[in-house]
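**Student:** Build the 3D model from these lines:
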Amino acid sequence: MDKLPIDIHSGKLQSWLISRRHCKDDWVNAVMPIRQKIAHAIIDMPENERILQLLKGSQIIDILKETEKDTKNIFGSYSSQRMKDWQEIVKLYEKDNIYLADAAQLLQRLVQYDIPAMNRQITKDETSFEDHVKKEEEYKKNAHQADRIYHEELTKLGIDGKNFRKEIIELTEAVVPMIDEIADDLVDLIPAVQYYKDFSRYTSSQVEDFNRLSLLGLIQNSGGQVTYYEYIHGSPPTSVERPKLVYKDETKVEDDIDFGDEGEIDFGSDEIDFGIDDVTTTDLITDASVIEGIARGEFGLSVFENPISMRDLKGELSELEIFLRFRYQQEANPPPIAVYLNALEEKDSSISSIKAEKVWDWKKKVDAIQTKLNNEQTKKLLKARAFPGYIDEIVEELEKLQLQENKYYRLAEISASKQKESQEAAQKSREQVKLLTNALIYLKENIEKDIAKKYGRECNIIGEIYNVLP
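**Tutor:** Sure thing, here's the model as predicted:
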């Protein structure tokens, strides 16, 4: 039994020393004055890297024997006050094995708190590094996405992006010949409209009251610049006062980029909603325009520009397209009974003379006009001509997209910088863990030696300590 090693759990080391009466219960009260003396004496110590790794003050004295050898007198003792101070500290420290209790407390603190805390800090720094790597990639991806959407919007509008407002206003002027071109296309549909009316009269009992596709007829007769006023009141206005588009060369003030909480912008469906179809038309009709016969504001717009008449125009085109599609199917693939019925019926030549190929040709023309009217650039430019304030909305959204790209690149740079900070912090923590681990090993070895010397048996500090030792 006398040869068996002494195994002491690191978490119970201090209580073990007290229970075996190697240290007193009140050793903490005694060590406080000693620590104050050490704090005062250490200020006056010469530089030596070993000072921070000492277990006992006697080793400090060994250092002083080297640094203070010039102060030795003829009797072999030291006249240095520094040496005398440390000799007193060692004497107090060794009394009642206070140094042993203090070392045991330090060992437990390293095992239970200091080293685990530094390891957690390393994990935190490494996680932070990984998070910012992901964020940097995400921000760069968002920057590319913002740039793509920005240029897609420029393409849809047909502008270069050098001066948003000026380019959009210039483009709105190009809408006028486009409107005239569509109006000319509608003129080509006069036979189709007449065919629709003739067929409707043929199948309807309300011959006198039939009045379909009135807006198409108005455009075919009066041209693409016919006003909304004339469409509503049935006669042209005495004068027209359109909303004016004015270009102001304003100095652009760059907004500060608000990085907030590095929040992300939701690009949604990668398309900006400029509210093309969301137009308030409550105040379109004014008493002044009716009484005076003057087409002001929205009443001065062409039927292509005014959102209400445009909605009606699209509805009439859709009605005509459905009719032509239906008639083509009837003419191209007539059921057997239809041949028999046609022989019995007497249709007007305006109906019977129209063959399936002609109907299909008209339908294709209607489809082409609908495609032009539903073009994104066309819709935006028509709305811009109708509502000058809409240009401000377009410009604002384009400027936001322009800033988003810069914002995300800046955020990516910040994330890259934080990656470097996290790496440096983790490296410092690793170095600190290494230093603390070396101190722990030093304490463990010296405490084990001291206890082994007292009992003449091998001593091992075991247990929790091995969770932090390499």
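**Student:** Quick one: the strands in this structure, in order.
**Tutor:** 6-9, 239-241, 294-296, 459-462 (DSSP state E).
**Student:** Same list, the ones you listed, but as JSON lines with mean neighbour count please.
**Tutor:** All C-beta spots, glycine's among them, are computed from the backbone N, C-alpha and C. Output for those, formatted as JSON lines (neighbours: other CB atoms under 10 Å):
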{"stretch": "strand 6-9", "mean neighbour count": "16"}
{"stretch": "strand 239-241", "mean neighbour count": "14"}
{"stretch": "strand 294-296", "mean neighbour count": "19"}
{"stretch": "strand 459-462", "mean neighbour count": "16"}
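**Student:** pretty sure Tyr408 is in contact with Glu136, am I right?
**Tutor:** No - because the distance of 10.2 Å does not satisfy CB atoms under 8 Å, Tyr408 is recorded as not touching Glu136.
**Student:** Check the contact between Lys3 and Tyr455; I expect there is one.
**Tutor:** No - with the criterion set as CB under 8 Å, Lys3 and Tyr455 do not qualify as a contacting pair; they are 11.0 Å apart.
**Student:** between Tyr408 and Glu136, which one's more packed in?
**Tutor:** A side-by-side neighbour count of Tyr408 and Glu136, using other CB atoms under 10 Å, places Tyr408 first with 23 against 19.
**Student:** Tell me how far the nearest residue to that one once chain neighbours are set aside lies from Glu152.
**Tutor:** Leaving aside its chain neighbours, Tyr408 sits nearest to Ala143 (3.7 Å; criterion: CB to CB, 6 or more residues apart in numbering). For Ala143, the distance to Glu152 under the criterion CB to CB, to the nearest Å works out to 15 Å.
**Student:** So between Lys3 and Tyr455, which is more surrounded?
**Tutor:** Set side by side, Lys3 and Tyr455 give different neighbour counts by other CB under 10 Å, the larger being at Tyr455 (12 against 7).
**Student:** ok, now which ones touch that one?
**Tutor:** With CB atoms under 8 Å, 6 or more residues apart in numbering as the criterion, the residues that contact Tyr455 are Ile6.
**Student:** and the gap between it and Ala39?
**Tutor:** For Tyr455, the distance to Ala39 (CB to CB) stands at 33 Å.
**Student:** and what of His132?
**Tutor:** Computed with CB to CB, the distance linking His132 and Ala39 is 41 Å.
**Student:** biggest helix in this protein by residues?
**Tutor:** Scanning the chain for the helix with the most residues, using DSSP state H, yields helix 389-455.
**Student:** Please state the offset of that helix from the chain centre?
**Tutor:** For helix 389-455, the distance from its own C-alpha centre to the chain's C-alpha centre is 22 Å (CA atoms, centre = their mean, to the nearest Å).
**Student:** Give me the domain ranges for this structure.
**Tutor:** With automatic domain parsing as the criterion, the domains of the chain are listed as 13-124+426-467, 163-417.
**Student:** what's the nearest residue to Arg165 if we skip its chain neighbours?
**Tutor:** Leaving aside its sequence neighbours, Arg165 sits nearest to Val395 (CB to CB, 6+ apart; 5.4 Å).
**Student:** who's in contact with that neighbour?
**Tutor:** By CB under 8 Å, 6+ apart, the neighbours of Val395 are Phe164, Arg165, Ile168.
**Student:** Turn those residues into a markdown table, including distance to Gln404.
**Tutor:** Supplementary listing: the contacts of Val395 in a markdown table, determined by distance: CB to CB, whole Å:
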| residue | distance to Gln404 |
| --- | --- |
| Phe164 | 15 |
| Arg165 | 19 |
| Ile168 | 20 |
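**Student:** of all those, which comes closest to Asp85?
**Tutor:** Sorting these by distance to Asp85 puts Phe164 at the head of the list, at 79.0 Å, by CB to CB.
**Student:** ok, the closest one to Ala384 distance?
**Tutor:** Phe164 sits at a distance of 11 Å from Ala384 (criterion: CB to CB).
**Student:** Please consider this matter closed, and thank you.
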